[in-house]
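J.: One predicted model, sequence on top.
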Amino acid sequence: RELIDQLGDHLGARPPGGDHQSASFTSDGVGFTFFHGGMLVPDSMVLHCDFGELPGQLPPATRERILLRLLESNLYLFSEHAPAFTYDPARQHIVLMCRFGLARADLASLLELMAFFSGMAKRWGRDHFLFDTPAPDMN
């Protein structure tokens, strides 16, 4: 609760209803949602960084290249306590998520993590990590 309250104070926002089991914030134009680790891992939080929708009306080959690039990114990110890309079917959005322990978490480290994820989200929004291939036709 304390960490979410500190983040809310820093961002000038409060979770609706003061709920601390989950809280959503926007920082640097990117959406973040925090979930308490629950009964299974009560000393942790899960962070979702919303990368947005896959571009609409993509040719199947371009959509496949984008999705394969996300899987490839998971390969490079893979380690203990590392983030991973996933897909939120309810909103049809790409999400970068990670779990982190609360024992050593503080506002400064959380803001640094959010800034890093925000930069990744903005980069993905520009070229969907297809920087070594011709730019996809997004229309």
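T.: The structure has been received and is ready for your questions. Residues are numbered from 1 along each chain as shown.

J.: What are the contacting residues of stretch 78-98?
T.: 46-54, 70-71, 73-74, 77, 99-101, 113, 117, 120-121, 124 (C-beta atoms under 8 Å, 6 or more residues apart in numbering). Bear in mind the C-beta positions are built from the backbone N, C-alpha and C, glycine included.

J.: mind listing which of those residues are in strands?
T.: Taking DSSP state E as the definition of strands, these contribute 46-53, 99-101.

J.: for these, which one is nearest Ala108?
T.: Phe100 (13.4 Å; C-beta to C-beta).

J.: wouldn't the closest one be in contact with Leu47 here?
T.: Yes. When contacts are counted by C-beta atoms under 8 Å, Phe100 is listed as touching Leu47 (6.8 Å).

J.: Mutual contacts of those two, please.
T.: Joint contacts of Phe100 and Leu47 (C-beta under 8 Å, 6+ apart) are Leu113.

J.: host element of the closest residue to Ser22 other than its chain neighbours?
T.: Closest residue to Ser22 apart from its sequence neighbours, by C-beta to C-beta, 6 or more residues apart in numbering: Phe35 at 4.9 Å. Under the criterion of DSSP states H and E, Phe35 resides in strand 30-36.

J.: Quickly run through the sheet partners of that strand, with directions.
T.: As defined by DSSP bridges, the strand partners of strand 30-36 come to strand 22-27 (antiparallel), strand 44-53 (antiparallel).

J.: Centroid-nearest residue for this structure?
T.: The residue lying closest to the centre of the chain (C-alpha atoms, centre = their mean) is Cys49, at 1.7 Å.
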